[in-house]
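J.: predicted structure and sequence below. I'll ask about it afterward.
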Amino acid sequence: IYFTDTIHEEREVGHSSEDICIEIKSMQIYLGCSVLTNIYTRKYSGVPKIVYICLPQRFKSVLKMKIHLSVIGAAVIIVLSVSCKKSDSVSNPVLEGKIVYYNDFGAAMLDFTESDMTKAGFTLGDIVSISVDSKEIVMPYYDGFYTRNGEYLCVAYPSYSSICFTANNTGLPEEFTGLENHPVVVTMKEKGGSLDVQEALSMKYTNVREDYTDFSDAQFANARETVIGTGKLYRSSSPFCDDIGRANYVSAFLEEENVRSVLNLADTEEMILSYNLPSYSKTLWESGNVILCPLKADPTADAYNEKLIEALIELPFHPAPYVVHCMEGKDRTGYVCALLEGLCGATYQEIVNDYLITYYNYYRKSPDKDSDVCNALVSLRLDTCLMYYADVADEAELPGIDYAKAFSDYLLSHGMSPRQLDALVHALE
């Protein structure tokens, strides 16, 4: 507490010209007489460190007489508590941690959880800033991957044990890789800045079969024939890895449908050998008819195109029917099946309808009842992929495209020969 007749005398008590002084409140404290009190905070990086109470000189003598400082202190606490509730400048969440490792999709996994974020003052739908080694990225904070390919986001994904940040589907660029154990600082950029997206797209599923009693085993497994409709191509969640509790159901479905070959978009050989394989999945693996093609869900990446074209060239050399899968059978599987469906003559709407079945199988979202959510999912994820495959820049063009021709051109331009393309189409038709 210091005494002054003008608020311009703050430098006399130690402020430098660089200090940021923000007036929080001017009010009257009634302590037997009226006292105009100006309260300031001195800020460092947005965090209030010192509170200055400015009292008129005339009150100095009163203090020396009968008024106790404890009474002023109580009044100040009341003022500050009210100010903190009303002023975003006072509330500035900060959470510090480090990068522990990078997952298989190129996301930086941090050493704190959604609970830690909540305790620090962050909520899903905020826009946050993440700083690593003096480099700063601004991004939304979601519980799912609700951005377009390549856009940054901070994620509290339900199946992850900790918070991560990444560029959606592409993984982080080189400047943010190889930084294990480097410190990370999360700060608030805009409270609730992306809350509308979070509320529209927030979806969670469980791995408990009993939570889907109205579903068939195939629905729970997200396993079905594609819209090609020839009995040659199926799609599913993983029949090998049981991390999401569906592998045994997928394996049983594939045996029932007599699926004989697998295009695996998730696993390496080392990973396959580490799993406790369901019976029919083990049969498929031991038959030599599992094509391993682990991908990130980024069809614009060179590595994605090289691996996928190589796998599709190999596919006709294995017996049909085929199944395409990743872990959930959602993004990577959705993109590859969209390519193969379009190649065999499917329309835009047929591709979209098949893509959205997955979101019903996991989250019970349907175009009829959840049109806004489904439209957003298609626009953010599927359409971005189709635009790349079809080489168009305008999303509005997608319904009118001849996908058989457009996707043939895509495959031919990425290294597939006409003969190999014919063999692929013939294997699926």
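T.: Yep, it's here.

J.: contacts for the strand or helix carrying Lys98 next, please.
T.: Lys98 belongs to strand 94-102 when elements are defined using DSSP states H and E. With contact meaning CB atoms under 8 Å, 6 or more residues apart in numbering, strand 94-102 is reached by 47, 108-112, 116-117, 120, 122, 132, 162, 171-172, 177, 179-188. All C-beta atoms are positioned from the backbone trio N, CA, C, and that covers glycine.

J.: how about stretch 361-379?
T.: Contacts to stretch 361-379, defined as CB under 8 Å, 6+ apart, come from residues 197, 200-201, 203-205, 215, 219-220, 222, 328, 330, 352-353, 355-356, 359-360, 395.

J.: output that stretch as CSV, restricted to C-alpha atoms.
T.: What follows is stretch 361-379, C-alpha atoms only, in CSV (Å, rounded to 0.1, in the frame of the first residue of the first chain):
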residue,chain,number,x,y,z
ASN,A,361,-21.2,-47.8,-35.8
TYR,A,362,-19.0,-46.0,-33.2
TYR,A,363,-20.9,-42.9,-32.2
ARG,A,364,-24.5,-43.5,-33.4
LYS,A,365,-24.3,-40.4,-35.6
SER,A,366,-26.5,-40.6,-38.7
PRO,A,367,-27.2,-38.1,-41.6
ASP,A,368,-30.9,-38.2,-40.8
LYS,A,369,-30.7,-37.2,-37.1
ASP,A,370,-27.3,-35.5,-37.0
SER,A,371,-27.0,-33.8,-40.4
ASP,A,372,-24.8,-30.9,-39.1
VAL,A,373,-22.3,-33.2,-37.5
CYS,A,374,-22.2,-35.5,-40.5
ASN,A,375,-21.8,-32.7,-43.0
ALA,A,376,-18.9,-31.3,-40.9
LEU,A,377,-17.2,-34.7,-40.8
VAL,A,378,-17.5,-35.1,-44.5
SER,A,379,-16.2,-31.6,-45.2
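
J.: on that earlier part again, out of the contacts of stretch 361-379, which are buried?
T.: If you count burial by 16 or more other CB atoms under 10 Å, the buried members of the contacts of stretch 361-379 come out as 197, 201, 203, 205, 219-220, 222, 328, 330, 352, 355-356, 359-360.

J.: for the stretch 101-250 of the chain, what are the low-confidence residue spans?
T.: Flagging of the stretch 101-250 of the chain using pLDDT under 70 yields an empty set of residue ranges.

J.: re the thing from before, helices - which of the contacts of stretch 361-379 land there?
T.: 197, 200-201, 219-220, 352-353, 355-356, 359-360 (DSSP state H).

J.: confidence score at Arg11?
T.: What the model reports for Arg11 is a pLDDT of 38.

J.: try Leu380
T.: 88.

J.: repeat for the one 3 residues further on
T.: pLDDT, Asp383: 95.

J.: what's near enough to touch it?
T.: Under the criterion of CB under 8 Å, 6+ apart, the neighbours of Asp383 are 395, 398.

J.: okay, and it sits in which element?
T.: Residue-wise, Asp383 maps onto helix 383-390 under DSSP H and E.

J.: show me how far that helix is from its chain's centre.
T.: Remark: helix 383-390 is offset 20 Å from the chain centroid, using CA atoms, centre = their mean, to the nearest Å.

J.: over to stretch 280-289?
T.: Chain-centre distance of stretch 280-289: 34 Å, with CA atoms, centre = their mean.

J.: please point out which parts of that stretch sit buried.
T.: Going by neighbour count (16+ other CB under 10 Å), the buried part of stretch 280-289 is 280-282, 284-285, 289.

J.: quick one: which of these is nearest to Tyr388?
T.: Ranked by distance to Tyr388 (CB to CB), the buried residues of stretch 280-289 are led by Asn289 at 29.3 Å.

J.: re earlier: give me the distance from the following helix or strand past the strand holding Lys98 to the chain's centre.
T.: The C-terminal neighbour of strand 94-102 among helices and strands, as given by DSSP H and E, is strand 108-110. On the basis of CA atoms, centre = their mean, strand 108-110 sits 12 Å off its chain's mean C-alpha point.

J.: please apply the same query to stretch 283-290.
T.: In this view, stretch 283-290 has its centroid 34 Å away from the chain centroid, taken as CA atoms, centre = their mean.

J.: endpoint to endpoint, that stretch covers what distance?
T.: 10 Å (CA to CA, to the nearest Å).

J.: coming back round to it: buried sites along the strand holding Lys98?
T.: Across strand 94-102, burial judged by 16+ other CB under 10 Å covers 95, 97, 99-100, 102.

J.: quick check: phi and psi on Tyr152?
T.: Main-chain torsions, Tyr152, degrees, to the nearest 10: phi -70, psi 150.

J.: that one: how many residues sit nearby?
T.: By other CB atoms under 10 Å, the residues close to Tyr152 number 18.

J.: so what's it up against?
T.: Residues in contact with Tyr152 (CB under 8 Å, 6+ apart) are 137-139, 165-168.

J.: what's the answer for Tyr322, then?
T.: Going by CB under 8 Å, 6+ apart, the list of residues near Tyr322 reads 232-234, 259-263, 315, 427-428.

J.: among these, which ones are in strands?
T.: Members of the contacts of Tyr322 lying in strands (criterion: DSSP state E): 233-234, 261-263.

J.: any chance of those residues in CSV, plus neighbour count and distance to Ala303?
T.: Shown next, in CSV, are the ones in strands among the contacts of Tyr322 (neighbours: other CB atoms under 10 Å; distance: CB to CB, whole Å):
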residue, neighbour count, distance to Ala303
Leu233, 25, 24
Tyr234, 24, 26
Ser261, 21, 23
Val262, 25, 21
Leu263, 25, 17
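
J.: between those residues, which is closest to Tyr403?
T.: Looking across the ones in strands among the contacts of Tyr322 and measuring by CB to CB, the closest to Tyr403 is Leu233, at 15.0 Å.

J.: who touches the closest residue to that closest one other than its chain neighbours in this structure?
T.: Spatial nearest neighbour of Leu233, chain neighbours left out: Thr226 (4.7 Å); criterion: CB to CB, 6 or more residues apart in numbering. Going by CB under 8 Å, 6+ apart, Thr226 touches 233-235, 337, 340-341, 354.

J.: thanks a lot, catch you later.
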